[in-house]
Each structure stands twice: as structure tokens, then as C-alpha cells.
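>>> requesting a structural model of the entry that follows:
(chains A and B)
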Amino acid sequence: DQQVKQNSPSLSVQEGRISILNCDYTNSMFDYFLWYKKYPAEGPTFLISISSIKDKNEDGRFTVFLNKSAKHLSLHIVPSQPGDSAVYFCAASVSRGGSEKLVFGKGTKLTVNP
Amino acid sequence: NAGVMQNPRHLVRRRGQEARLRCSPMKGHSHVYWYRQLPEEGLKFMVYLQKENIIDESGMPKERFSAEFPKEGPSILRIQQVVRGDSAAYFCASEIGGVTEAFFGQGTRLTVV
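Here you go, the predicted structure:
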């Protein structure tokens, strides 16, 4: 069962435009959400996170939006740059003080064209 | 301030051999997670360890796989009698504890031939 879903395997945008990556989840116990960026042959790099008590978190060009009622979050990158081309993973966890393991989606490959 | 270090980066094993993957967490981090990524898939949780303790191994296959994080030295993920289906990228992540922004290593790519 896929608790975290990224339904778009790939996304292509023009440099300077907005990139919107989407993620849906099914487990209502998730209360912390993260986005990771991954280049080929590298480990995932933490990008931005959001707690379930918020609906928006912004860090420079990156903004994450959380819609709890829809169990949906999205990552906005604006303006997109060619260096943003990578695979983006959405991840979720339940912060219950024990194991805070992350549940990952399958990823969306973003290509930013110059 | 070195990041999470994993070695080897690439490991080739014949079927039936043992694979040992090592992970040195970031300085000051006492929590280690192991994840596996199969081709075209997301990362899947395997095991969560603190020094000398296995906290959550709900993602570990019941047989052939084991993990440890000794008081001194790196965390080790051990796969005995490897099979072709074990071929994957294995990532280690560490965190201070109580903080969910885990930092990942570059991974070990295991190929079973």
C-alpha cells in the first residue's frame, strides 16, 4: 500500500517559470512532511519541511503548501533554474517520540530547460 | 564537519556471499536509519537504530538481514547469502534525535551477480 503518492513520474518546465510538484498521502497520522532532492548517484538532500500545524512554509525560491483536509501537499519552485533538475521525493512521518521513520513517495523527475 | 559517510559506494557480490555496508553518522548524531531504494521506486525504510539499540526494525526482511550500531564505530547493515533481488541502493541517514530532518549519505549500490 502506497501511503505517500507522487502521481507524476516526470515534469518539464522552462527556466524562469514555476515548477509545481504534487504529493498525496493516505495516512491521517502523518504530522510532518518533507521534500528531498536527489541527483543521480547521490543521496537525498533535505530541501524543506512542514508541520501539520501549518499550511505553508517558505524558504527562498521553495514553498511547500499543505492541505490537510485533502491530504495533499505541493512544492513550488519559482523561478525554476536548470540546476533544479533532479528527482524530488515527498516524505512523511509520524512524530510520536519513537521511530520517526520516513515514508517516501516514488519521486518526480523535474527537468528545467534553459 | 563531514556529512554522513557510507562505504563502500559500490559493492558487487556473487549470489550466496555476504554483503556488509557501513555508515558513519554525522558528528553528534546518535540516531541512524537505513533505507533501500529499488530501481524506479522510492526509498523504503528498513531499520532505525540508536547506539547499541535497535529501535524499529519493522522494515527489515525477516531473514538474512541484520543491522547494528555499536558503541564505537559505524553502523553496519549485513546481508547474508545475497540474492539477485537484494540488488539496490542502500542509504543511511542520521539525525540528532527528536528532529526529523535526517541527513542522508551518498548510498551504497549493491549489485548481486
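
>>> and chain B, which of its residues are near chain A?
B:4, B:6, B:33, B:35, B:40-45, B:48, B:55-56, B:58-59, B:91, B:93, B:95, B:98, B:100-107, B:109 (C-beta under 8 Å from any C-beta of the partner chain). The way it works is simple: take the backbone N, C-alpha and C, and place the C-beta from them, glycine included.

>>> run a quick neighbour tally on residue 84.
No chain was given, so I picked chain A. 18 (other C-beta atoms under 10 Å in any protein chain shown).

>>> chain B is the one I meant
By other C-beta under 10 Å, neighbour count at B:Arg84 equals 9.

>>> so it sits right up against B:Val112, yeah?
Yes - the criterion here is C-beta atoms under 8 Å, and B:Arg84 meets it with B:Val112 at 5.1 Å.

>>> joint contacts of these two?
Listed as contacting both B:Arg84 and B:Val112 by C-beta atoms under 8 Å, 6 or more residues apart in numbering or on different chains are B:Arg15.

>>> just to revisit the earlier point, PyMOL command to pick out the buried ones of the residues of chain B next to chain A?
Listed next is the PyMOL selection for buried residues among the residues of chain B next to chain A, using 16 or more other C-beta atoms under 10 Å in any protein chain shown:
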select buried, chain B and resi 4+6+33+35+42+43+44+45+48+55+56+59+91+93+95+100+102+103+104+105+106+107+109
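
>>> restricted to strands, list the residues of chain B next to chain A.
Among the residues of chain B next to chain A, the members found in strands (DSSP state E) are B:6, B:33, B:35, B:43-45, B:48, B:55-56, B:91, B:93, B:95, B:103-104, B:109.

>>> tell me which two in these are the farthest apart.
The distance between the two most remote of those (C-beta to C-beta) is 26.1 Å, for B:Ile55 and B:Arg109.

>>> which one of the ones in strands among the residues of chain B next to chain A is nearest B:Ala67?
B:Tyr48 (9.2 Å).
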